[in-house]
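Peer 1: Sequence plus predicted model, see below.
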Amino acid sequence: MSEQQPPPASAEDALPTDLSTFNVADLIKTPHNARLHKEVQNLKKLINELVDYQLAHPKNPKPVSREDIDREKEATREIERREKYIRAQLSVIKTLYRQSILKVREEKAKTSDDRAVNDALILGLHNLKYEEQSLRSEISAAENYDHKYMKLPLISVEEFLEQFPEHNESNEHELMTARIEHEHQVRLKLEERRQEKLKQKQKLIAEVKKGKDDLTKLDTMVEKFIEAAEPIKKVLAAEYVGVFQQQNKGKVRSLASLIMKTLLSKSPSRDRDAHIKSSPF
């Protein structure tokens with residue numbers, strides 16, 4: 001995760017263009033830093049007073065009179081006293097500075113912890129947004145998915161409600177579920193009928209096959225019977241021809257004479273003898 005940028009400085013926190021009116025104390029918010037700044041200002045005041053005193057009482061390297069010697073000793077004692085105050089003030093400032101450093105470290109650690117918590121919250125928020133986006137994408141894909149039940153040849157809603165009026169108060173999901181269940185039951189019944197018809201078909205096929213086998217056996221038996229009866233057939237045929245010729249001999253001769261007359265009337269005279277000779281009668 002990228003490090004967060006610090007917030008832009010407000011108009012109140014911006015540095016003034018005129019440094020003569022600039023007050024550092026207005027920018028200090030924490031109590032320990034405010035106290036440290038106050039003690040530093042006191043040290044600054046003591047140092048300025050010391051410098052002013054030294055300038056007002058310059059050191060005389062060669063005092064001559066007793067008065068000059070006493071004045072020089074008094075100035076030296078005053079400078080040492082003021083330097084002692086400055087050293088004491090420096091000790092106070094060092095102590096306050098160490099306390100300020102520790103406070104700053106504590107605040108940095110707290111800020112780091114708060115930043116870690118904030119980063120974790122931001123990361124959790126980003127994860128939630130990503131999860132929300134993913135869920136919205138899944139929902140959109142589910143809503144736009146080409147479901148198979150949308151292609152089922154279901155009866156219309158009006159016809160279904162006419163057949164099943166108890167679903168008039170059902171919502172869209174319950175109504176679609178009921179329609180699919182109705183189609184399922186109808187298909188189960190049709191499948192049962194199909195299985196029954198298939199069994200009947202198999203039964204008829206078996207019967208036809210059995211009849212065909214019987215006919216094949218019968219054909220075989222008839223062929224064997226015909227082969228076995230062939231000598232009898234020849235004998236009966238010969239006897240039948242003899243009887244037929246005896247009974248119809250006169251009729252055959254009359255028919256032959258009629259045919260010969262017809263042929264002779266249509267044929268040339270030179271072929272008439274040939275026709276007569278070729279006739280078996």
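Peer 2: Yes, it's here.

Peer 1: Now do the helices in this protein.
Peer 2: With DSSP state H as the criterion, the chain has helices at 31-56, 66-143, 157-163, 172-247, 249-266, 272-278.

Peer 1: Any regions of the stretch 1-150 of the chain where pLDDT drops low?
Peer 2: Counting by pLDDT under 70, the stretch 1-150 of the chain has low-confidence residues at 1-22.

Peer 1: just to revisit the earlier point, mind checking the helices of the chain for the one nearest to M150?
Peer 2: Closest approach to M150 among the helices of the chain (C-beta to C-beta): helix 172-247, 9.4 Å. Placement of C-beta: from N, CA and C, glycine included.

Peer 1: ok so, going back, any chance of the helices of the chain in TSV, with distance to A25 too?
Peer 2: Below are the helices of the chain laid out as TSV (distance: least, C-beta to C-beta, whole Å):
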stretch	distance to A25
helix 31-56	6
helix 66-143	15
helix 157-163	80
helix 172-247	70
helix 249-266	161
helix 272-278	164
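
Peer 1: show me what contacts A25?
Peer 2: Counting by C-beta atoms under 8 Å, 6 or more residues apart in numbering, A25 makes contact with 34, 37.

Peer 1: Ok, which of the helices of the chain comes nearest K151?
Peer 2: helix 172-247 (11.8 Å).

Peer 1: which helices and strands does the closest one pack with?
Peer 2: If contacts are counted by 3 or more C-beta pairs under 8 Å, 6 or more residues apart in numbering; DSSP states H and E, helix 172-247 sits against helix 157-163.

Peer 1: Would you mark the buried spots in the helix it packs on?
Peer 2: For helix 157-163, burial by neighbour count (16 or more other C-beta atoms under 10 Å) applies to 160-161.

Peer 1: Show residues contacting that helix.
Peer 2: The contact list for helix 157-163 (C-beta under 8 Å, 6+ apart) reads 154-155, 167-168, 175, 178-179, 182.

Peer 1: thinking again about what came up before, minimum distance to Y149: which of the helices of the chain has it?
Peer 2: When the helices of the chain are compared (using C-beta to C-beta), the closest one is helix 172-247, at 5.8 Å.

Peer 1: Setting aside sequence neighbours, what's the nearest residue to Y97?
Peer 2: Using C-beta to C-beta, 6 or more residues apart in numbering and skipping residues adjacent in sequence, the residue nearest Y97 is L36, 6.3 Å away.

Peer 1: List the residues that contact that neighbour.
Peer 2: Going by C-beta under 8 Å, 6+ apart, L36 touches 93, 96-97, 100.

Peer 1: How about E80?
Peer 2: Listed by C-beta under 8 Å, 6+ apart, the contact set of E80 is empty.

Peer 1: how close does it get to Q89?
Peer 2: Noted for E80: a distance of 15 Å to Q89, by C-beta to C-beta, to the nearest Å.

Peer 1: hmm, back to that, tell me how far the residue nearest to Y97 lies from I86.
Peer 2: For L36 relative to I86 (C-beta to C-beta), the value is 16 Å.
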